[in-house]
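> next input, structure requested:
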Amino acid sequence: MPKGLEYLQRAQYFYYIIIINNKFQVQNYKLNMSTDGDEAGTSTSSYNHRLSRPQTQIITFMQGVNSTIEDKNSDYLCPICFETIEEAHVTRCGHTFCYKCIIRSLETLGKCPKCIAAFDHALARDNKNNFLALDSSTGISDGLRNFITSDSINLSLPDVNAMLEVLIQRKHLLEAESYAAQNRLLYEFLKHLLTQKEEQRNQLQKEVTLIKRDIKEVENILKDLQKKCPRLEDIKKPTEYDSAQVTAIRKEMINLINIIDSSTIKSCEEANVFSSPYINSSNNQCKYDLTSSSTLAVRRRRMHAHFDDFVQCYFDARAKQLHFAANNSDFQSTNSGLNIFREDLIKFSRFNSLRPLATLNYSSDIFNHSTIVSSIEFDKDNEFFAIAGVTKRIKVFDYNIVIRGTVDLHYPCIEMTSTSKISCVSWNSFHKGILASSDYEGTVTVWDAMTGQRTKAFHEHEKRCWSIDFNDIDTRLIASGSDDARVKLWSLNMDHSVASLEAKANVCCVKFNPRSSCHLAFGSADHCVHYYDLRNMKEALCIFKGHKKAVSYVKFVNEQEIVSASTDSQLKMWNINNPYCLRSFVGHVNEKNFVGLATDGDYVACGSENNALYVYYKGLTKQLFSYKFDAAKSILEIQEKREEDLNEFVSAVCWRQMSNVVVAANSQGIIKILELV
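Here you go, the predicted structure:
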């Protein structure tokens, strides 16, 4: 056996023997104090076990250096006796002592000698195994290092070569292990990346398959449409009875056939299915207002401008077929998603802009003081509309008279005066002449709009009342929301509230479900929309969370969907059966004011703090178009004001149901009747 290896084995052998017998930790300072042994023998009893340890002479092995106090590791010393720890015990506070030392300390003090933590005998647990493991792990390297530095002079060349060979092999093994660990980590990363990309590839493959099938379906529809159209040769044949009108109709039909033919060919060759929106999903008839090539070009440009939104809308509509279609038959039998998307595409491209029809003024004050319009509402027949605001007046106008007027000076049919600034008005959906209002004093007032008289007033709200709404099913029921964090229910037959719903924050808006007599939604300053069943008001059916600021408006798009507005400059759409946001509408500015919100079931209109009206389609997140109000000027102004310095904003919006007309007003009392064209 080479002498180097023999020395290594001897070193390890003696080292373990010394650890086991606890003989190698003899200090030089202990020999220097051997003359004081008699005095030490008479010391206090708490250190008797330390003096009873064998006073062995300095042990030298492998011709190394004598053990000194510097050789001792502080981990091995007992903080009480300053000797190598015997029967190591660790306390709950984490300190290690000799068993005898800690027992005697507990009997005397009852606390940890190091941190003065109180404990009893049961808190000291055996730590001998951990201590020995620490000793062995740190001692082997120290012993080997001492052996090499002290005994290397006695090694021959073969011994050194043998030791180097063993150490080099060990080095290569450690390097290989480290390199393997690094490559194993890289391998796991690449495997995870591959899994992700394969999942994305599979998803893309599903989407491509779905798109190809939908393209094929639309191509078949266009081919069937082409077959149903009369032939061009038959239409071109004139007869002797043709008049000028018949000839013009023939020319128009020829143009239609050419457009249909070109659209079919283009769809088959280029798979440009969006170029032919001639099929209405509701009645499957040709839409003649879509056949103009110029109109189609405008629609195509707008479609490409919102292409990313349409992609998301398409996959949302086809999610069921994309993820759950098990086979071909299931896929082909469920094309409702494609019809929904076709309808979205047509409705989106139906209108291009807003055209003003008429302009009104809420106040004739020439000094141009604040005349903010806070609420606009149409009656049940869309014949009259009421305008109310901070001037404490409710003005009712006849819509047809205003539209037919040739000048912008219009007078109301009737005017009602409140005792406080008005925040909201609501018409009764059954009784044409009943109108309700809420004001800044917290009063809920019921008016007879035919006579202009107040018929009932409720004064139970303790603070400002922001919103009021009539129930469309139970037409006697009224809901109101206030800064006193209460939603109160009123009846036309009662003099007091019939119920009160306690909210945790200021209530900014209330709205009944248009198809229910007992379901109500309200928005509050806690950034949430709350949806309640009034038959059980102890707990909300659903709480919609997502806004970052107070919810200022809540409207029902239909009986299942809600749209909410907040001062975080966002509109959000929700489904009453799902607490998650379906879509967020962004583009307008709203950070501090009530800017109005209205919907007709497909389109959503809201105001903005840049003095503009914004219109969204419910299926897309970006605005369709906007209308900018002209900056109002007072006749007493000496210098021109810049538009951005006026701080004007659109303050109220209302949709005329069953039509494409929207009415909006701004903070200067200017009311615009606008038409989507």
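> so, low pLDDT: which residues of the protein?
Scanning the chain for pLDDT under 70 picks out 1-75, 119-152, 229-294, 325-334, 364-369, 631-646.
> could you list the domains of it?
For the chain, automatic domain parsing gives the domain ranges 3-155, 180-348, 368-676.
> need the contact partners of stretch 309-316.
For stretch 309-316, contacts defined as Cβ atoms under 8 Å, 6 or more residues apart in numbering pick out 207, 303, 322, 341, 344, 345, 348, 619, 620, 621, 622. Heads up, the C-betas are built off the backbone N, CA and C, glycines and all.
> can you tell me which of these lies nearest to residue 436?
Distance to residue 436 across the contacts of stretch 309-316 (Cβ to Cβ) is lowest for residue 619, with 33.3 Å.
> and the residue nearest to the closest one when sequence neighbours are not counted, how many neighbours?
Nearest residue to residue 619, sequence neighbours excluded (Cβ to Cβ, 6 or more residues apart in numbering): residue 344, at 4.2 Å. Close neighbours of residue 344, defined as other Cβ atoms under 10 Å, add up to 22.
> one more: residue 78?
Residue 78: 22 neighbours (other Cβ under 10 Å).
> same question, residue 534
20.
> any figure for the gap between it and residue 656?
29 Å (Cβ to Cβ, to the nearest Å).
> next: residue 159.
The value you get for residue 159 to residue 656, if Cβ to Cβ is used, is 104 Å.
> give me the element residue 344 is part of.
Assessed by DSSP states H and E, residue 344 sits inside helix 336-348.
> could you dump that helix to PDB, C-alpha only?
Output of helix 336-348 as PDB, limited to C-alpha atoms (Å, rounded to 0.1, in the frame of the first residue of the first chain):
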ATOM      1  CA  SER A 336     -74.500  29.500 -32.900                       C
ATOM      2  CA  GLY A 337     -71.200  31.100 -31.900                       C
ATOM      3  CA  LEU A 338     -70.500  32.000 -35.600                       C
ATOM      4  CA  ASN A 339     -73.900  33.600 -35.900                       C
ATOM      5  CA  ILE A 340     -73.300  35.600 -32.700                       C
ATOM      6  CA  PHE A 341     -70.000  36.900 -34.100                       C
ATOM      7  CA  ARG A 342     -71.600  37.700 -37.400                       C
ATOM      8  CA  GLU A 343     -74.200  39.800 -35.600                       C
ATOM      9  CA  ASP A 344     -71.500  41.500 -33.600                       C
ATOM     10  CA  LEU A 345     -69.600  42.300 -36.800                       C
ATOM     11  CA  ILE A 346     -72.700  43.700 -38.500                       C
ATOM     12  CA  LYS A 347     -73.800  45.800 -35.500                       C
ATOM     13  CA  PHE A 348     -70.300  47.200 -35.100                       C
END
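> quick one, strands of the stretch 251-400 of the chain?
With strands called from DSSP state E, counting those that start in this stretch, the stretch 251-400 of the chain shows them at 354-361, 373-378, 384-389, 393-398.
> what angle separates the third one from strand 393-398?
Here strand 384-389 runs at 160 degrees with respect to strand 393-398, directions being taken by axes from the mean of the first three to the mean of the last three Cα atoms, to 10 degrees.
> got the contact list for strand 384-389?
Under the contact criterion Cβ under 8 Å, 6+ apart, strand 384-389 has outside partners 360, 362, 371-379, 394-399, 413, 421-422, 424-425, 427, 435, 437, 449, 651-652, 654, 656, 663, 665, 669, 671.
> what are the pairing partners of it, and which direction each?
When sheet partners are counted by DSSP bridges, strand 384-389 sits next to strand 373-378 (antiparallel), strand 393-398 (antiparallel).
> pull out the buried positions in the last one.
Translated: strand 393-398. 393, 394, 395, 396, 397, 398 (16 or more other Cβ atoms under 10 Å).
> between those residues, which is nearest residue 551?
When the buried residues of strand 393-398 are ranked by distance to residue 551 (Cβ to Cβ), residue 394 comes first, at 25.4 Å.
> wait, that closest one touches residue 435, no?
Yes - the pair formed by residue 394 and residue 435 meets the contact definition of Cβ atoms under 8 Å, at 7.2 Å.
> who touches both of the two?
With contacts defined as Cβ under 8 Å, 6+ apart, the residues shared by residue 394 and residue 435 are 386, 416, 425, 447.
> and of those, the nearest to residue 552?
Closest to residue 552, out of all of those and judged by Cβ to Cβ, is residue 425, at 16.5 Å.
> how about the contacts made by the closest one?
375, 377, 386, 388, 394, 435, 436, 437, 468 are the contacts of residue 425 under Cβ under 8 Å, 6+ apart.
> buried subset of the residues you listed, written for ChimeraX?
Filtering these down to the buried ones (16+ other Cβ under 10 Å) takes a single ChimeraX command:
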select :375,377,386,388,394,435,436,437,468
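> list just the nearest of the contacts of residue 425 to residue 462.
The closest of those to residue 462 turns out to be residue 468 (Cβ to Cβ; 16.1 Å).
> residue contacts, that closest one?
Taking Cβ under 8 Å, 6+ apart, we find residue 468 in contact with 424, 425, 426, 436, 437, 438, 444, 478, 479, 480, 481, 510.
> buried subset of those?
Buried members of these, counted by 16+ other Cβ under 10 Å: 424, 425, 426, 436, 437, 438, 444, 478, 479, 480, 481, 510.
> pipe the strands of the stretch 251-400 of the chain into JSON lines and attach distance to residue 81 per row.
Shown next, in JSON lines, are these (distance: least, Cβ to Cβ, whole Å):
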{"stretch": "strand 354-361", "distance to residue 81": "93"}
{"stretch": "strand 373-378", "distance to residue 81": "86"}
{"stretch": "strand 384-389", "distance to residue 81": "89"}
{"stretch": "strand 393-398", "distance to residue 81": "95"}
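> closest to residue 226 out of those?
Ranking the strands of the stretch 251-400 of the chain by proximity to residue 226 (Cβ to Cβ) places strand 354-361 first, at 35.2 Å.
> next, the buried residues of the closest one.
354, 358, 359, 360, 361.
> next: stretch 110-121.
Neighbour counts over stretch 110-121 (16+ other Cβ under 10 Å) mark 112, 113 as buried.
> which outside residues touch that stretch?
By Cβ under 8 Å, 6+ apart, stretch 110-121 touches 79, 80, 91, 92, 93, 95, 97, 102, 103, 105, 106.
> those strands in the stretch 501-650 of the chain, which residues are they?
Using DSSP E, counting those that start in this stretch, strands in the stretch 501-650 of the chain cover 507-512, 519-524, 528-533, 542-545, 551-556, 561-566, 570-575, 578-585, 597-599, 603-607, 612-617, 623-628, 650-656.
> my bad, should have said the stretch 51-200 of the chain
Using DSSP E, counting those that start in this stretch, the strands of the stretch 51-200 of the chain run over residues 89-90, 96-97, 125-126.
> adjacent strands (with direction) for the second one?
Pairing partners of strand 96-97, with direction, according to DSSP bridges: strand 89-90 (antiparallel).
> from the contact counts, what lies against the top helix by length along the chain?
Ranked by residue count under DSSP state H, the longest helix found in the chain is helix 157-228. With contacts taken as 3 or more Cβ pairs under 8 Å, 6 or more residues apart in numbering; DSSP states H and E, helix 157-228 sits against helix 3-21, helix 244-270, helix 319-324.
> residues touching residue 400, list them.
Residue 400 sits next to residue 383 when contact means Cβ under 8 Å, 6+ apart.
> returning to that earlier point: residue 528: which of the buried residues of strand 393-398 is nearest?
Residue 528 lies nearest to residue 394 out of these, by Cβ to Cβ, at 30.9 Å.
> that closest one: what's it in contact with?
When contacts are counted by Cβ under 8 Å, 6+ apart, residue 394 is found next to 386, 387, 388, 415, 416, 417, 418, 422, 425, 435, 437, 447.
> for residue 661, grab the count of nearby residues.
Neighbours of residue 661 under the rule other Cβ under 10 Å: 19.
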